[in-house]
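Student: here is a sequence together with a model predicted from it:
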Amino acid sequence: MSTSDLQPGRFITLEGGEGVGKSTQMRRLAARLEAHGLTVVTTREPGGSPKAEAIREAILAGRTRSFGSMAEALLFSAARIDHLDTLIRPALARGDWVICDRFSDSTMAYQGASGEPDAAILRALERIVVGDSRPDLTLILDMPPEVGMARADARRQARGEATDRFEGEAPAFHRDLRSRFLAIAKAEPQRCAVIDADASEDEVEDRIWREVDARLLSKVRNNGNDTPAQPVDKP
Ligand SMILES: Nc1ncnc2c1ncn2[C@@H]1O[C@H](COP(=O)(O)OP(=O)(O)O)[C@@H](O)[C@H]1O
Ligand SMILES: Cc1cn([C@H]2C[C@H](O)[C@@H](COP(=O)(O)OP(=O)(O)O)O2)c(=O)[nH]c1=O
């Protein structure tokens, strides 16, 4: 059957440390879903709406660092509220598929690793901000942080960009981040899939597609029943 009439929309997030390939794989996943007739909206956090992009700019330039990690968690949350209200929820209501480069797990991991707010407070904040708009699937791209940081460094040099607020943190911070993302995946295996991202772009794309097919497309094809479906043809 054609997947062109698949309804309703699904919400997919990509998470992980710096330079793990989230933006690259978001583009590839969107193209693959579109090739199956789905309407896909790609977006990112922090940002994704004009007001949220303004908050992004202030945080990543380091202008809010002195406020402390609790205040930064609130700023990321304020940006998320606007992004959800103006872009994500309307797109899902239309039946579009939304792919977001980072979402609330990044607040749990990054602001958690930054020290001040404990996990219970961050979880409460997430419930207030995200409510029922939890992702249907979160792909956690995993690799040794030094590999991701080297990729991010090369990308930054190629583009002539400066180090941003979190890229400049110490190696121990980035190791802590990795274990925090893996702990989230372990606590919520229904929602999260860990993808070994230390491979070629094509291979990582295939690993992601297998998860999306098994966890989302097969169920949508079966109108929500969990019975196995035919795999989606590769584009
Ligand atoms: N599988 C891969 N192998 C090698 N380099 C990659 C791979 N995926 C992405 N890259 C490169 O690594 C850099 C970071 O990738 P990007 O998708 O921007 O990561 P992120 O969005 O997670 O920060 C980019 O220059 C990108 O071209
Ligand atoms: C969404 C979000 C991002 N961040 C951080 C992670 C990144 O260092 C930065 C986003 O910058 P970005 O350039 O999008 O990073 P990347 O290419 O690695 O995805 O903001 C948080 O600390 N908390 C959050 O809630």
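Tutor: Here it is on my side, so go on. Numbers count the residues shown, from 1 in each chain. Ligands and ions are numbered 1, 2, ... in the order given.
Student: list of residues touching the lengthiest helix in the chain?
Tutor: Ordering each helix of the chain by length in residues (DSSP state H) puts helix 171-187 first. Applying C-beta atoms under 8 Å, 6 or more residues apart in numbering, the external contacts of helix 171-187 come out as 15-18, 105, 108-110, 112-114, 138, 140, 142, 144-146, 148-149, 166, 192-194. Glycine gets a C-beta too; all of them are placed from N, C-alpha and C.
Student: out of the helices and strands in this protein, which is least certain?
Tutor: Among the helices and strands of the chain, helix 218-221 carries the lowest confidence by mean pLDDT, DSSP states H and E, at a mean of 79.
Student: chain center to that one: distance?
Tutor: 22 Å (C-alpha atoms, centre = their mean, to the nearest Å).
Student: which bits of this structure sit near ligand 2?
Tutor: Residues of the chain lying close to ligand 2 (C-beta under 6 Å from any ligand atom) are 18, 22, 44-46, 60, 76, 101-102, 106-107, 110-111, 164, 166.
Student: show me the residues you listed that map onto helices.
Tutor: Per DSSP H, the residues of the chain next to ligand 2 map to helices at Lys22, Leu60, Phe76, Ser106.
Student: which residue in the residues you listed has the weakest pLDDT?
Tutor: Ranked by pLDDT, these bottom out at Leu60 (93).
Student: any regions of this structure where pLDDT drops low?
Tutor: Counting by pLDDT under 70, the chain has low-confidence residues at 1-7, 223-235.
Student: how far away is Leu177 from ligand 1?
Tutor: 12 Å (C-beta to the nearest ligand atom, to the nearest Å).
Student: that residue: how many residues sit nearby?
Tutor: Neighbourhood size, Leu177 [other C-beta atoms under 10 Å]: 23.
Student: now do it against Asp132, distance only.
Tutor: 27 Å (C-beta to C-beta, to the nearest Å).
Student: flag every buried residue along stretch 114-131.
Tutor: Using 16 or more other C-beta atoms under 10 Å as the test for burial, stretch 114-131 gives Ser114, Pro117, Leu122, Leu125, Glu126, Val129, Val130.
Student: how about the contacts made by the last one?
Tutor: In other words, Val130. By C-beta under 8 Å, 6+ apart, the contact set of Val130 is Arg80, Leu84, Ser104.
Student: same check on Ser66?
Tutor: By C-beta under 8 Å, 6+ apart, Ser66 lies in contact with nothing.
Student: wasn't it part of a helix?
Tutor: Yes: assessed by DSSP: H, G, I helix; E, B strand; the rest coil, Ser66 belongs to a helix.
Student: keeping just the C-alphas, turn stretch 127-134 into PDB.
Tutor: Once non-C-alpha atoms are left out, stretch 127-134 reads as follows in PDB (Å, rounded to 0.1, in the frame of the first residue of the first chain):
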ATOM      1  CA  ARG A 127       6.000  17.900  32.200                       C
ATOM      2  CA  ILE A 128       4.900  21.600  32.400                       C
ATOM      3  CA  VAL A 129       6.400  22.600  29.100                       C
ATOM      4  CA  VAL A 130       5.900  19.600  26.900                       C
ATOM      5  CA  GLY A 131       2.700  18.100  28.300                       C
ATOM      6  CA  ASP A 132       1.200  15.500  26.000                       C
ATOM      7  CA  SER A 133       3.500  16.600  23.100                       C
ATOM      8  CA  ARG A 134       6.100  14.000  23.900                       C
END
